[in-house]
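*Asks:* Here you go, sequence then predicted model.
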Amino acid sequence: MLQRVLRDLIKVEGINTAVVVGSDGFVIEHISQTNVDTDALGAMASTSFGMSVAMGNHLRKGNCECVLVELERGPIMLTLVSRNEILAVMAAKGANLGRIRYEMKRYKDLIAAAL
């Protein structure tokens, strides 16, 4: 079921990789249209999200909802889907970030239910 949800998510224009990773950095499930090291992505996503959570707590800005990393060849977005799982999405350069963020919010309940 989780594989099917991720397959539907990467049909969103601009998204080319979707990875569900545990807070420990291990990949639970992934699907990608590109050649990407999903294990490395999972480990870095977990670390990045953890640092963003710590920043929000330390600065008293609240819970972390989304992390956006804008890179030269396309963005990576992270969001918490359940207590211990993170959704990492890689997108193409020039992708509509608002649309991707909206779709990630829409899909996170489906992903959480499939876990």
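*Replies:* Looks like it came in fine.
*Asks:* what about Glu65, is that helix, strand or coil?
*Replies:* Here Glu65 is recorded as coil under DSSP: H, G, I helix; E, B strand; the rest coil.
*Asks:* Quick one: neighbours of it, just the number.
*Replies:* Counted with other Cβ atoms under 10 Å, the neighbours of Glu65 add up to 12. The C-beta positions use only the backbone N, C-alpha and C, and glycine is treated the same way.
*Asks:* Next: Asp109.
*Replies:* Neighbour count for Asp109, taken as other Cβ under 10 Å: 11.
*Asks:* which SSE is it in?
*Replies:* Following DSSP states H and E, one finds Asp109 within helix 97-114.
*Asks:* go on, Ala18?
*Replies:* Here Ala18 sits within strand 15-22, counting by DSSP H and E.
*Asks:* quick one: contacts of that strand?
*Replies:* For strand 15-22, contacts defined as Cβ atoms under 8 Å, 6 or more residues apart in numbering pick out 2, 6, 9-10, 27-34, 36, 38, 41-43, 45-46, 74, 81, 84-92, 95, 100, 103, 111, 115.
*Asks:* do stretch 46-58 as well
*Replies:* Applying Cβ under 8 Å, 6+ apart, the set of residues contacting stretch 46-58 is 21-25, 61-64, 67, 69, 78, 80, 86.
*Asks:* Buried ones among the residues you listed?
*Replies:* Neighbour counting with 16 or more other Cβ atoms under 10 Å marks 21, 25, 64, 67, 78, 80, 86 as buried within these.
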